[in-house]
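Here is a sequence together with a model predicted from it:
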Amino acid sequence: MKTIILSADDFGRSHERNMAIDYAFKNGLIKSAALLVNSDFSDEAVKMAHEGGYINNLHCHLNLVSGAMSGNAYPLNSEFLTCSAFCENGEFKQKGPYDFAGRNSLKYAQLIFLELESQYKKFIELTGNKGNNSHIDFHLYYNLNFLVAYAIRKLVKKYNIKTVRYYGEHQKLLGKKMNLRLFLIKLLSVFKTKVAKSSRVDYYLNKKELFKDDEYIELFVHPNYVDGKLIDDTVSIFGNGPKLLTEHYDLIKNDGQIISWNDLNH
């Protein structure tokens, strides 16, 4: 039987998302959540997790962008913050992972590492060292940039991180041209770690044959309240509209054992 790690992204992004993820945890619709530590609503998310008894199933969601992907998120490291290549007016310049293209200096890679390390340390501080410190993840396609991959590899090695998110969707979405680059980035970013392919639920449901040989996979959701309904607002590559979170759960619950990242690492 396949093992499915069912995890929610962007805990701490907004009050509505926090409320939705809190409900999903309490009602068994998710098993893990990725905490943004540099957002306006990070403290609220941690308070909910403590009160809800699921603080040990939170892990660090590394973040280097602002705007639609992260809400109001800010740099934490002073050296990174003062680098005009990445920051402006106290905020991230990047709106998405591809905005890192063209910056190939190891000096930049070191600055990215310092920012990621600051976020990892902030995660430990916010959770009182009770969260899942052995897993990290990041927004879609972060590890397609060599600088970010290098910084992640360094973070993994320094803190003995056991698991890192890797998007299995890449292999089919980006074509043959990306195969060598993906292979190299995978080696960089998962130094001595386990890797689980990660996929949005609708992609998994439409492409199950691509996952048939995987022992374990991560399916991620973005719980949110819209017009009073609890939905998974993850963008669909098939043009499907948002689904009720309960509907997505019902469609995968019989496909394998559903666990958390914390369960996998212990």
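Cool, the structure landed.

Would you mind listing the buried residues in stretch 7-16?
For stretch 7-16, burial by neighbour count (16 or more other C-beta atoms under 10 Å) applies to 7-14. Glycine gets a C-beta too; all of them are placed from N, C-alpha and C.

ok, which pair from the residues you listed is furthest apart?
The largest separation in the buried residues of stretch 7-16, counting by C-beta to C-beta, is between Ser7 and Ser14 at 17.9 Å.

give me every residue that touches the nearest residue to Tyr216 once chain neighbours are set aside.
Excluding its sequence neighbours, the residue lying closest to Tyr216 (C-beta to C-beta, 6 or more residues apart in numbering) is Thr3, at 3.8 Å. Contacts of Thr3 were listed using C-beta atoms under 8 Å, 6 or more residues apart in numbering, and they are 215-217, 256-257, 259, 264.

Out of these, list just those in helices.
Taking DSSP state H, the ones among the contacts of Thr3 that sit in helices are Leu264.

re earlier: and of the buried residues of stretch 7-16, the nearest to Phe138?
Nearest to Phe138 among the buried residues of stretch 7-16, with distances taken as C-beta to C-beta, is Asp9, at 9.9 Å.

Partner strands of the helix or strand harbouring the closest one and their direction?
Assigned by DSSP states H and E, Asp9 falls within strand 2-11. Looking at strand 2-11 with DSSP bridges, its partner strands are strand 32-35 (parallel), strand 216-221 (parallel), strand 256-259 (parallel).

avg pLDDT for that strand?
Here strand 2-11 scores 94 as its mean pLDDT.

How far does that strand sit from its chain's centre?
Centroid displacement of strand 2-11 relative to its chain, using C-alpha atoms, centre = their mean, to the nearest Å, is 9 Å.

and the angle for the following helix or strand past that strand with strand 2-11?
Moving toward the C-terminus from strand 2-11, the first helix or strand encountered (DSSP H and E) is helix 15-26. Angle, helix 15-26 to strand 2-11, by axes from the mean of the first three to the mean of the last three C-alpha atoms, to 10 degrees: 150 degrees.

Identify each buried residue in helix 15-26, please.
17-25.
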